[in-house]
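*Asks:* Have a look at this fold, sequence not included:
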């Protein structure tokens, strides 16, 4: 009977999107109306792209026309500034482009009412935004407004975000801090699988492999370090090529390579050189050796390490020793 915000947080490959999809499928099967959208790194300069996707998805719901007919003409007018199809379907005479009034409360309220109407009230609607850490500023502004103003309305908003993108003072953190006290807020931090859980997955697919179970579990545990995406990619590779289980050398699965590239891509030139140097040194490295081997000044090395720590590509073990 009340609004709620649920945040799924964790590193890339931890299973946020998979968990969200499973929840959404189950909820939809039980009759809940669901609106889903996703943010992309390449669309951070496109204002409201995820919100437009939500509205467009809502227009394809079976009860969309009936529900939207209940909205006032003024509310449709404001929402149609963002999605002209609302004007085509429902007759609201709205301009085709955004102007200065788009930043007003009336504009946000029109979009919020459209989403609220599309989601319905019984059973509670679910609105999801995947990879919200890549949302543009305008989208975050609207989501903040929606979260603050929709308390008392049975809507569940679910956001997924990568932990390596978190910054204490960023706009997303502020958005979540401003949630109304009447709105239930839940944070679920997904962590890596334990060695026992890795063993469970291996056991489930043991018929595919001719290798010794304990040895295979140990190799997969070392290779994946419990990151679900890595583990599943390795298991899929072994399922396609069972002989690899007994091989001394495993190739890196394509999905693992892509994920690693996406993690490294945002790092600056100095940080990337330090990361490369650290990888050559070995799993663990000392700050002094990193600075000497990289040829970077102390200032550059400190700044680069801070960047790598912020992106969670490197972790501090003890003193000046890092992994």
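*Replies:* Perfect, thanks for sending it. Predicted, not measured: the structure shown is a model, and the values here were computed from it.
*Asks:* where in the stretch 1-150 of the chain is pLDDT low?
*Replies:* Low-confidence segments of the stretch 1-150 of the chain, defined by pLDDT under 70: 87-103.
*Asks:* where exactly do the helices run in it?
*Replies:* 16-29, 49-59, 64-68, 73-79, 85-90, 105-119, 137-149 (DSSP state H, counting those that start in this stretch).
*Asks:* among these, which is nearest residue 319?
*Replies:* helix 16-29 (33.0 Å; Cβ to Cβ). Every residue, glycine included, has its C-beta placed from N, CA and C.
*Asks:* Which neighbouring elements make contact with the closest one?
*Replies:* Applying 3 or more Cβ pairs under 8 Å, 6 or more residues apart in numbering; DSSP states H and E, one finds that helix 16-29 contacts strand 4-10, strand 34-38, strand 125-130, strand 155-162.
*Asks:* Reformat the ones you listed as CSV; add mean neighbour count.
*Replies:* Putting the helices and strands packed on helix 16-29 into CSV (neighbours: other Cβ atoms under 10 Å) gives the following:
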stretch, mean neighbour count
strand 4-10, 20
strand 34-38, 19
strand 125-130, 23
strand 155-162, 24
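*Asks:* before we move on, the earlier item: could you export the helices of the stretch 1-150 of the chain as a markdown table, including distance to residue 275?
*Replies:* A markdown table is the format used below for these (distance: least, Cβ to Cβ, whole Å):
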| stretch | distance to residue 275 |
| --- | --- |
| helix 16-29 | 24 |
| helix 49-59 | 31 |
| helix 64-68 | 48 |
| helix 73-79 | 46 |
| helix 85-90 | 46 |
| helix 105-119 | 41 |
| helix 137-149 | 29 |
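*Asks:* Select, out of these, the one closest to residue 242.
*Replies:* Of these, nearest to residue 242 by Cβ to Cβ is helix 16-29, at 24.9 Å.
*Asks:* nearest to residue 320, of the helices of the stretch 1-150 of the chain?
*Replies:* Proximity to residue 320 (Cβ to Cβ) singles out helix 16-29 among the helices of the stretch 1-150 of the chain, at 33.0 Å.
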